[in-house]
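Visitor: Build me a structure from this.
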Amino acid sequence: MTESSADMNTAVSPWWGVAAVMVGIFLLVTAEQLPIGLLSQVAEALDVTPGTAGLMVTVPGVIAAFSAPLLPVAVGELDRRVMLTLMMLLMVAASVLSALAGSFWLLLGARALVGMSIGGFWAIAGGLAPRLVAADKVPRAMTVIFGGIAAASVLGVPLGTLLGEWTHWRVAFAALGGLSLATAAALWRWLPDLPPREPVRLATLGEQLATRGVRVAVMTTGLLVIGQFAAYTFISPVLQQISGVERAHVGSLLLLYGTAGILGNVAAGLFAGRHPYTAVLLIPCVLVAVVGGFPLVGTMPATGIALLLVWGAVFGSVAVSLQTWLLRTAPNTEAANALMAFVFNFSIGTGALFGGRLVDGVGLAGTLWAATALFVASALLVISTPSRLLDKAPSAAG
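Guide: Numbering: from 1, shown residues only. Below you'll find the predicted structure:
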């Protein structure tokens, strides 16, 4: 980069860079979860079962999982600003190919590229807050960045679902491509140079697991996310078949779910900075009541919608709460974040696959109860962990 372009970047407020990273995460999570809202439409159009259509979530999740630790290792000394921009350009290509795919299996190939983009981007973006803003502004920056996840639920997935319902599911994927291109330009313009402070190596990734706090964060994340996506991947048929909600209303209800998720993210950003242990513990405890209670009390539209809103608020708090835990315990933030991104995305794919097999085998209610069992295990894991492990300030290493 030339000296004049470097001066231009340093003159930009760091919050523009934070905003660009947030939008990038927003689009990536939207791309990953959009098939949830379009599941029935794509399954009918490409003549596959709902369980098989769930592979649209499984494939990018698994690919993202392995991309998260391996891409930072592969790129070595590459400036992280360059890497984030390239990952968004890869999302542009993946979105265009998804819109043009002539068969379900070609669509899955495009979804694999989505996974590569998600894994590479998230492995770097999750730990950027301490590098972009002053130490006292890190909790706020994390809330903004991970607000992209909740915003994907409140805006990306519901609006993509509505766009697909009003026009065609291919149009929704094409729209993602256009927005990703604009975001790639914003990342290049607004982020400063981000040379790796300590390049990630495979040995460094393994070393993170020697720290108990990191191990617990990783295991808790796995249990929570597998349970979440075993159940939530099939929220459209759950709302229709268990709660009696008409299919035409599903997109609007996902919008409400996402709105609750944004509120949960903001609340967690305020609370988790002071009480990360309690914030993480509350998540599985409430999910046990909500998801486990769906087949029992969510059998009418009103009660199903009420449970859906609580579900959205709780899961909206997951990313910022667990990331705060990780910053308090990880010896190397970038390496630990790559490891967390592996677990998070692998668990999304595993959860969707697990849920798909259960839905086709034992039905929706059995799938929700299986997810509840994973939330119980997650709560027990946190309870067995001493809260003193989190008694330090957020790390800026990595």
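
Visitor: State the number of residues packed around the residue nearest to residue 100 when sequence neighbours are not counted.
Guide: Residue nearest to residue 100 in three dimensions, not counting chain neighbours: residue 170, with 7.6 Å by Cβ to Cβ, 6 or more residues apart in numbering. Heads up, the C-betas are built off the backbone N, CA and C, glycines and all. If you count neighbours by other Cβ atoms under 10 Å, residue 170 ends up with 17.

Visitor: Does anything pack onto the helix or strand hosting residue 170? Which helices or strands?
Guide: Following DSSP states H and E, one finds residue 170 within helix 169-190. Judged by 3 or more Cβ pairs under 8 Å, 6 or more residues apart in numbering; DSSP states H and E, helix 169-190 is in contact with helix 14-45, helix 80-100, helix 157-166.

Visitor: Now tell me what touches that helix from outside.
Guide: 9, 12, 16-17, 19-21, 23-24, 27, 30-31, 34, 38, 41-42, 45, 81, 84-85, 88-89, 91-96, 98-100, 160-161, 163-164 (Cβ atoms under 8 Å, 6 or more residues apart in numbering).

Visitor: ok, back up a step: show the pLDDT at the residue nearest to residue 100.
Guide: At residue 170, the pLDDT value in this model is 91.

Visitor: And residue 392, by the same measure?
Guide: 60.

Visitor: that older thread, now the residue nearest to residue 100: how far from residue 98?
Guide: According to Cβ to Cβ, to the nearest Å, residue 170 stands 8 Å off from residue 98.

Visitor: For residue 368, give me its contacts.
Guide: 231, 238, 291-292, 294-295.

Visitor: Just the buried positions in the helix or strand residue 215 falls within, please.
Guide: Residue 215 belongs to helix 212-232 when elements are defined using DSSP H and E. By neighbour count on 16 or more other Cβ atoms under 10 Å, the buried set for helix 212-232 is 213-214, 216-232.

Visitor: what are the ranges of the helices in the stretch 251-398 of the chain?
Guide: For the stretch 251-398 of the chain, the helices defined by DSSP state H, counting those that start in this stretch cover 276-297, 301-315, 318-329, 333-361, 364-383.

Visitor: quick one, the third one and helix 14-45 angle?
Guide: When axes from the mean of the first three to the mean of the last three Cα atoms, to 10 degrees is applied, the directions of helix 318-329 and helix 14-45 differ by 130 degrees.

Visitor: related to what we said a few turns ago, kindly reformat the helices of the stretch 251-398 of the chain as CSV containing distance to residue 107 and mean pLDDT.
Guide: Shown next, in CSV, are these (distance: least, Cβ to Cβ, whole Å; pLDDT from 0 to 100):
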stretch, distance to residue 107, mean pLDDT
helix 276-297, 29, 92
helix 301-315, 26, 91
helix 318-329, 27, 83
helix 333-361, 15, 80
helix 364-383, 24, 93
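
Visitor: Which of these sits closest to residue 131?
Guide: Closest to residue 131 of those, according to Cβ to Cβ: helix 333-361, at 9.0 Å.

Visitor: tell me the pLDDT at residue 219?
Guide: For residue 219, the pLDDT comes out at 92.

Visitor: my bad, should have said residue 266
Guide: Listed pLDDT for residue 266 reads 84.

Visitor: quick one: it and residue 143 touch, right?
Guide: Yes. With contacts counted by Cβ atoms under 8 Å, residue 266 reaches residue 143, the gap being 6.5 Å.

Visitor: Compare those two and say which is more crowded by neighbours.
Guide: Neighbour count, other Cβ under 10 Å: between residue 266 and residue 143, residue 143 has more, with 24 against 17.

Visitor: what about that one, which SS state?
Guide: Under DSSP: H, G, I helix; E, B strand; the rest coil, residue 143 falls in the helix class.

Visitor: Spatially, what comes nearest to it if we skip its sequence neighbours?
Guide: residue 269 (3.0 Å).
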